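Build me a structure from this.
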Amino acid sequence: MIFLCPPHGYTMKTPLALHPMNPTGYALEARHIHKTYSGHKALHDVSISVPQRSVFGLLGPNGAGKTTLIRIINQITAADEGEVLLDGRRLAPSDVEKIGYLPEERGL
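Numbers count the residues shown, from 1 in each chain. The predicted model follows:
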């Protein structure tokens with residue numbers, strides 16, 4: 001899951017307003033993402049839009065590309081094509097500090 005936290009001081013009584021620099025209303029967008037590993041298409045033209053102040057689940061069967069997409073969003077690996085936007089602007093290297101990622105690792 002991708003957890004995007006509301007700003008400090010936000011309560012359910014606070015009116016939801018769009019980020020002033022992001023008129024789209026999406027906290028995170030991945031647009032037309034492509035990724036190939038040794039001739040295997042892991043992602044082909046994948047796009048997602050996560051609304052501001054939301055919890056978003058990324059579900060699918062094994063091999064669907066969930067982990068690949070999360071790794072691209074977290075800048076662990078690069079997409080072959082496409083772009084990732086955070087608050088309406090292209091993802092910058094410093095943005096990884098704003099994104100939480102807890103990979104599932106089995107065994108020690």
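
how close does the residue sitting nearest the centre point of the chain get to Asp95?
Nearest to the mean C-alpha position of the chain, by Cα atoms, centre = their mean, lies Ile73 at 4.8 Å. Distance, Ile73 to Asp95, by Cβ to Cβ, to the nearest Å: 9 Å. Where you see a C-beta, it was placed from the backbone N, CA and C, and this is true even at glycine.

likewise Pro61?
Pro61 is 29 Å from Asp95, by Cβ to Cβ.

Next: Arg53.
From Arg53 over to Asp95 the distance is 17 Å, taken as Cβ to Cβ.

any idea of the pLDDT on the closest residue to Ile99 other than its chain neighbours?
Leaving out its chain neighbours, the residue that sits closest to Ile99 by Cβ to Cβ, 6 or more residues apart in numbering is Asn74, at 5.9 Å. At Asn74, the model reports a pLDDT of 92.

can you pull the contacts of Asn74?
Val96, Ile99, Tyr101 (Cβ atoms under 8 Å, 6 or more residues apart in numbering).

can you redo these as a markdown table with secondary structure?
As requested, the contacts of Asn74 are exported to a markdown table (DSSP: H, G, I helix; E, B strand; the rest coil):
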| residue | secondary structure |
| --- | --- |
| Val96 | helix |
| Ile99 | coil |
| Tyr101 | coil |
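
Narrow those residues to those that are buried.
Buried by 16 or more other Cβ atoms under 10 Å: Ile99, out of the contacts of Asn74.

Walk me through which strands whichever strand or helix holds Ser47 pairs with, and which way each runs.
Applying DSSP states H and E as the criterion places Ser47 in strand 40-51. As defined by DSSP bridges, the strand partners of strand 40-51 come to strand 26-37 (antiparallel).

What mean pLDDT does the partner strand get?
Averaged across strand 26-37, pLDDT comes to 94.

List the buried residues of it.
Tyr26, Ala27, Leu28, Glu29, Ala30, Ile33, Lys35.
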